[in-house]
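Participant: Quick one, fold the following:
(chains A and B)
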Protein chains: 2
Amino acid sequence: ATGTLAAPAIAQSSPEVKWRMASSFPKSLDTIFGSGELFTKYVSDATDGKFQIRLFAAGEIVPGLQVADAVQNGTVEMGHTASYYYVGKDLTFALDCAVPFGLNARQQDAWWNWGGGRQAMNEFFKDYNIHSMPCGNTGAQMGGWFRKEIKSVEDLKGLKFRVSGFAGEVLSKLGVVPQQIAGGDIYPALEKGTIDAAEWVGPYDDQKLGFNKVAPNYYYPGWWEAGPQLSAYVNLAKWSELPKSYQAIVEAAAAKAHTSMLSKYDAQNPKAVRELVASGTKLLPFSPQILEACFNATNDVFAQLNEKNPKWKKIFETWKPFRAEEVLWFRVAENTLDNFMARQSAAGKL
Amino acid sequence: ATGTLAAPAIAQSSPEVKWRMASSFPKSLDTIFGSGELFTKYVSDATDGKFQIRLFAAGEIVPGLQVADAVQNGTVEMGHTASYYYVGKDLTFALDCAVPFGLNARQQDAWWNWGGGRQAMNEFFKDYNIHSMPCGNTGAQMGGWFRKEIKSVEDLKGLKFRVSGFAGEVLSKLGVVPQQIAGGDIYPALEKGTIDAAEWVGPYDDQKLGFNKVAPNYYYPGWWEAGPQLSAYVNLAKWSELPKSYQAIVEAAAAKAHTSMLSKYDAQNPKAVRELVASGTKLLPFSPQILEACFNATNDVFAQLNEKNPKWKKIFETWKPFRAEEVLWFRVAENTLDNFMARQSAAGKL
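Facilitator: Below is the predicted model of the structure:
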């Protein structure tokens, strides 16, 4: 009797499962794409190869910006993506990834895990037939490459800037003309002057594309991406079909890939930024006046969204005080110590 | 034939395993102890309850500060601890957790995952029969509670300060008399004036112990704990006996508990710090002069260690340039954006 009972129980708890995961990223973004590879490896390792998820780069099954649709309609069971790619559907998607002057990477984790973010976002994602979980973060990104120096808010007027959706909406209030150009087309556009500026990711990824040769002014910080979270999307019906043990494994594997990706960027960016500066890149901060103007323009966009988008408003109303609390606390021990260490670095004492 | 082959294969890959995990922490440190509980739950969930790890609070099997020994000699298969508790054995342990003016939480992850930390530390841990992995972080801690204000380096002379091992060694160079007192004995000692000051963790944990009533000056930052990493220790022989799938599950579960703990502190500390200030706590920064003096004294201790401890020196020689690189990079996008947000917070604009 034991035998006849045991077999189905085992079959149920550790079934052979084969899934496909569409990445929004090309293999050339090796740190982001690689965190998807790590995720699928952890799942396979944890299940003795019984649960296999095959990862496809952007364009192999669907274009990178259609990953949400592919998961929603079940073309693939999973996706690895950045939720702000879908702000065209609804700007609320951005809260799962990054909004201008939003949470840094640690604060985003705090909001997701213990600040109600997980529940709020997955309630929102239900309408798209998606279960979402964090799977990577780049840390604060750079502000991008500019052919000419940007010394004042005036210099933003008419600037043709390749920049992502939400930031483009904010910057257009200051006269910027946002451009949407695929990664591979940025270099020639910058070289010819078809565009004046472009943002990509950070030193490690940017260095490989050689932007410094055609737009040597490298500005920071990328205030529209303080801690952009990458996401693993799962088709909701497929998620429900998984045994609880496989759900736990997927969640834990995503968490491991999540930390791994951020720490890989943190480990790789310093060398890249040093090399860029050594090869003539001018590393420049946006002036306080420019940051203030962008902050105020961002608040205008938030206010408009609160008026016209109830889904956004519902989440934003708890997100905003959470951000205020986080920044208040980080001002105490965390920032003070970071700033002390920064001064030792500037003084050549580290 | 299929039947006879299938049974042993399953038995081998998903055996019933029951382990014990000794925590260095009391249940009252609910966020730290709770991350151990989360870890054991994830392992159980991921294995359909086949791999059960039972967690014991400090003192239930062994005292909190003897967890390393208990794992080393196989009394328990696992421990959840802070490696700097074992600086009495060898100060090299501290690099697995925190050293004064060391890496912040994200930088520690970067060092561990991609900066050679994992390999270097686990090579060191072999001598103790331990396999170690990150399992939590508190973020930058506070500098502690002081009965009187500390306005200059002079004020440190003769100060009886309850402070952990490595920091005590540094502070004694500046005249502090470090005290070792268990958590539960701190309050009465501060009240009676047997000690002048005490550090514990951060606002969330400190608030519960009521230190503000007897030592109202709450200093920051805790420069000796910029990003203290908690660790899950596994007895090396027991680790080798685990199926590869269980090893993968343990690693991923530890990673999930790791992020969960840091983000829980980040989510809980803001409310606690606000309430402490509202109830009369004086929140005070250590002066730049005091921080400089402590930084210099720390470098003296590092130099001594390099001379007398080859195990320390071997790891420190790659750790120190890694720290310099991390701080250099954080000065660019990350700190600039954090500081801009801090200014908005101070101006009441968040």
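
Participant: Next one: residue A:261 from chain B, what distance?
Facilitator: Distance check for residue A:261 against chain B: by C-beta to the nearest C-beta, to the nearest Å, it reads 9 Å. For glycine as for every other residue, the C-beta is placed from the backbone atoms N, C-alpha and C.

Participant: Ok, residue A:341 next?
Facilitator: 5 Å.

Participant: How is the nearest residue to that residue once chain neighbours are set aside assigned, secondary-structure-wise?
Facilitator: Leaving aside its sequence neighbours, residue A:341 sits nearest to residue B:327 (C-beta to C-beta, 6 or more residues apart in numbering or on different chains; 4.8 Å). Judged by DSSP: H, G, I helix; E, B strand; the rest coil, the three-state class of residue B:327 is helix.

Participant: For residue B:327, report the pLDDT, please.
Facilitator: With respect to pLDDT, residue B:327 scores 98.

Participant: same check, this time on residue A:58
Facilitator: Looking at residue A:58, its pLDDT reads 96.

Participant: Neighbours of residue A:283, how many?
Facilitator: Residue A:283 has 15 neighbours, counted by other C-beta atoms under 10 Å in any protein chain shown.

Participant: nope, residue A:264 is what I meant
Facilitator: Close neighbours of residue A:264, defined as other C-beta under 10 Å, add up to 24.

Participant: Please identify the helix or strand for it.
Facilitator: Assigned by DSSP states H and E, residue A:264 falls within helix A:244-278.

Participant: can you state the direction angle for that helix and helix B:244-278?
Facilitator: Counting by axes from the mean of the first three to the mean of the last three C-alpha atoms, to 10 degrees, helix A:244-278 points 70 degrees away from the direction of helix B:244-278.

Participant: can you tell me the average pLDDT over helix A:244-278?
Facilitator: Rounded mean pLDDT across helix A:244-278 is 97.

Participant: Stretch A:224-234 too?
Facilitator: For stretch A:224-234, mean pLDDT is 98.

Participant: check whether it contacts chain B.
Facilitator: Yes - under the criterion of C-beta under 8 Å from any C-beta of the partner chain, chain B is reached by stretch A:224-234 at residue A:226.

Participant: Straight-line length of that stretch, end to end?
Facilitator: End-to-end distance for stretch A:224-234, by C-alpha to C-alpha, to the nearest Å: 26 Å.

Participant: That one: how far from the chain's middle?
Facilitator: 3 Å (C-alpha atoms, centre = their mean, to the nearest Å).

Participant: cool, stretch A:233-246 as well?
Facilitator: 23 Å.

Participant: Would you mind listing the buried residues in that stretch?
Facilitator: Neighbour-count burial for stretch A:233-246, with 16 or more other C-beta atoms under 10 Å in any protein chain shown as criterion, is recorded at A:233, A:234, A:235, A:236, A:238, A:239, A:242, A:245, A:246.

Participant: before we move on, the earlier item: hang on, the residue nearest to residue A:341 packs against residue A:339?
Facilitator: No - contact criterion C-beta atoms under 8 Å: residue B:327 and residue A:339 do not qualify, at 10.4 Å.

Participant: separation between the residue nearest to residue A:341 and residue B:335?
Facilitator: Separation of residue B:327 from residue B:335 (C-beta to C-beta, to the nearest Å) stands at 9 Å.

Participant: still on that earlier bit, neighbour count winner among residue B:327 and residue A:339?
Facilitator: Legend: neighbour count by other C-beta under 10 Å for residue B:327 and residue A:339, higher for residue B:327 (24 against 16).

Participant: Distance check, residue A:49 against residue A:248.
Facilitator: Distance, residue A:49 to residue A:248, using C-beta to C-beta: 17 Å.

Participant: Show me which of these two is the more surrounded one.
Facilitator: Neighbour totals were compared for residue A:49 and residue A:248, and residue A:248 leads with 24 against 13 (other C-beta under 10 Å).

Participant: Chain neighbours aside, what residue packs nearest to the more buried one?
Facilitator: residue B:45 (3.7 Å).

Participant: now do residue A:177
Facilitator: Of all residues not flanking residue A:177 in the chain, residue A:160 sits nearest, at 5.0 Å (C-beta to C-beta, 6+ apart).

Participant: need the contact list for that neighbour.
Facilitator: The contact partners of residue A:160, by C-beta atoms under 8 Å, 6 or more residues apart in numbering or on different chains, come to A:177, A:179, A:194, A:195, A:196, A:197.

Participant: Mind checking which of the residues you listed are in strands?
Facilitator: Among the contacts of residue A:160, the ones falling in strands (DSSP state E) are A:177, A:179, A:197.

Participant: Can you flag the buried ones in the residues you listed?
Facilitator: For these, buried by 16+ other C-beta under 10 Å: A:179, A:197.

Participant: and the ones in strands among the contacts of residue A:160 as a markdown table, adding pLDDT and distance to residue B:213?
Facilitator: Shown next, in a markdown table, are the ones in strands among the contacts of residue A:160 (pLDDT from 0 to 100; distance: C-beta to C-beta, whole Å):
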| residue | pLDDT | distance to residue B:213 |
| --- | --- | --- |
| A:177 | 97 | 60 |
| A:179 | 95 | 60 |
| A:197 | 98 | 56 |
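
Participant: what's the closest of the ones in strands among the contacts of residue A:160 to residue A:253?
Facilitator: residue A:179 (36.6 Å; C-beta to C-beta).

Participant: how close does the closest one get to residue A:152?
Facilitator: Distance, residue A:179 to residue A:152, by C-beta to C-beta: 21 Å.

Participant: Ok, residue A:113 next?
Facilitator: In this view, residue A:113 and residue A:152 are 40 Å apart by C-beta to C-beta.

Participant: Compare these two and say which is more crowded by neighbours.
Facilitator: Remark: of residue A:113 and residue A:152, residue A:113 carries more neighbours, 21 against 12, as counted by other C-beta under 10 Å.

Participant: State the number of residues packed around the nearest residue to the more buried one once chain neighbours are set aside.
Facilitator: In space, and not counting its chain neighbours, residue A:113 is closest to residue B:263: 4.3 Å by C-beta to C-beta, 6+ apart. Residue B:263 is flanked by 23 other residues according to other C-beta under 10 Å.

Participant: again with residue A:289
Facilitator: Neighbour count of residue A:289, defined by other C-beta under 10 Å: 11.

Participant: before we move on, what about residue A:342?
Facilitator: Residues near residue A:342, counting by other C-beta under 10 Å, number 21.
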